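Colleague: got a sequence here, can you build the structure:
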Amino acid sequence: MHIAICDDNIAERKQTERLLARESDCRKTVTGVFYIHSYGHEEALLRAPKQYNMFMIDMVSGMVDGLGLALTLCSSGITAPIFLCVSKIDYRKAYTRLEKPPQNIHFIDKPIKVAELKQIINHALELRSYIIPTIELRAKNETFYLKENEIVCATGNFYITDVYLNDGRQIRIACELLNLYSQVCTYSVFYLLSKKAFVNFNYIDKCSIFKLHLTDGRKFPISPFIAFSIKKLMISKEIKPPADAH
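Modeller: Residues are numbered from 1 along each chain as shown. Modelled structure (predicted):
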């Protein structure tokens with residue numbers, strides 16, 4: 001599980017890090033290691049928040065307070081639980097005054113007690129089991145949050161990459177294809193054909209020795225080695241095109 005701390009009080013931030021590290025050691029044989037990233041400024045956290053499964057926030061002297069930062073995260077598509085650590089600011093009171101308060105914002109008091117920390121971690125782990133992670137794509141005027149099965153393939157040319165979706169849309173982003181692939185390669189369904197293209201296994205229609213056919217009609221020239229590799233992986237993964245992909 002990936003956890004983000006954002007606290008402008010360095011002493012309290014370090015204490016939260018230590019508590020989480022101890023909890024990670026206690027749970028690593030059951031739930032795996034916790035990857036903890038710690039920030040003292042909201043700008044650093046907001047660069048790539050989608051990777052986190054849980055947030056612990058207390059901002060008192062920044063451009064926005066902790067609740068303001070939490071609302072910014074929610075408006076950007078974050079659905080992971082956000083725990084506001086109540087200290088100098090009573091976030092609970094401010095939260096109740098919101099017209100439409102996000103349901104993934106919660107509270108924990110400082111100083112943080114070990115028993116309460118265990119409870120919020122259990123909550124985050126439970127949510128992670130059924131929250132589907134999304135992939136962030138930033139086009140010129142809009143940011144998209146996509147599930148892995150929505151992406152059929154991507155093609156790149158120099159510093160421009162076109163991403164093709166299963167609903168027929170095409171998203172153009174200012175990014176090298178290899179850079180985008182480095183962001184999505186943790187999803188086992190994506191396969192890199194070359195420096196200029198990758199595909200989603202779930203949308204492969206057929207694979208011949210020199211050509212790969214996708215269910216949306218796109219075709220890619222491939223080498224015999226790539227063809228052999230794809231067929232072997234498809235058998236090992238038992239991947240079949242989804243019924244709605246055609």
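Colleague: which one in the chain is furthest away from the centre?
Modeller: Note on the chain: the largest C-alpha distance from the chain mean falls to residue 209, namely 35.1 Å (CA atoms, centre = their mean).
Colleague: SS state for that residue?
Modeller: Assigned with DSSP: H, G, I helix; E, B strand; the rest coil, residue 209 falls in the coil class.
Colleague: cool, residue 78 as well?
Modeller: Per three-state DSSP, residue 78 ends up coil.
Colleague: what residues are up against it?
Modeller: 49, 50, 55, 104 (CB atoms under 8 Å, 6 or more residues apart in numbering). (Each C-beta comes from the backbone N, C-alpha and C, glycine too.)
Colleague: and residue 29, what pLDDT?
Modeller: With respect to pLDDT, residue 29 has a value of 87.
Colleague: ok, back up a step: read off the pLDDT value for the residue farthest from the centre of the chain.
Modeller: 92.
Colleague: so what does the strand or helix carrying residue 84 touch, helix or strand wise?
Modeller: Assigned by DSSP states H and E, residue 84 belongs to strand 82-86. Applying 3 or more CB pairs under 8 Å, 6 or more residues apart in numbering; DSSP states H and E, one finds that strand 82-86 contacts strand 54-58, helix 66-75, helix 91-96, strand 105-109.
Colleague: what's the most buried one of the ones you listed?
Modeller: The highest mean neighbour count among the helices and strands packed on strand 82-86, using mean count of other CB atoms under 10 Å, belongs to strand 54-58: a mean of 26.
Colleague: residues near residue 173, how many?
Modeller: By other CB atoms under 10 Å, 21 other residues sit near residue 173.
Colleague: same check on residue 115?
Modeller: By other CB under 10 Å, 7 other residues sit near residue 115.
Colleague: Three-state assignment for it, please.
Modeller: Residue 115 ends up helix, using three-state DSSP.
Colleague: over to residue 50?
Modeller: For residue 50, the assignment made with three-state DSSP gives helix.
Colleague: from residue 191, how far off is it?
Modeller: Counting by CB to CB, to the nearest Å, the separation of residue 50 from residue 191 is 22 Å.
Colleague: who has more neighbours, these two?
Modeller: Using other CB under 10 Å as the criterion, residue 50 and residue 191 rank with residue 191 on top: 20 against 17.
Colleague: hmm, residue 216 is touching residue 152, no?
Modeller: Yes. With contact defined as CB atoms under 8 Å, residue 216 reaches residue 152; the gap is 5.5 Å.
Colleague: between the two, tell me which one has more neighbours.
Modeller: Neighbours per residue (other CB under 10 Å) separate residue 216 from residue 152, with residue 152 holding more: 21 against 15.
Colleague: give me every residue that touches the more buried one.
Modeller: If you count contacts by CB under 8 Å, 6+ apart, residue 152 has them with 164, 165, 166, 199, 200, 203, 214, 215, 216, 218, 245.
Colleague: pretty sure it sits in a strand.
Modeller: Yes. Judged by three-state DSSP, residue 152 forms part of a strand.
Colleague: now it: how far from residue 56?
Modeller: Note on residue 152: its distance to residue 56, by CB to CB, is 37 Å.
Colleague: out of the helices and strands packed on strand 82-86, nearest to residue 134?
Modeller: Residue 134 sits nearest to helix 66-75 of all the helices and strands packed on strand 82-86, at 13.5 Å, using CB to CB.
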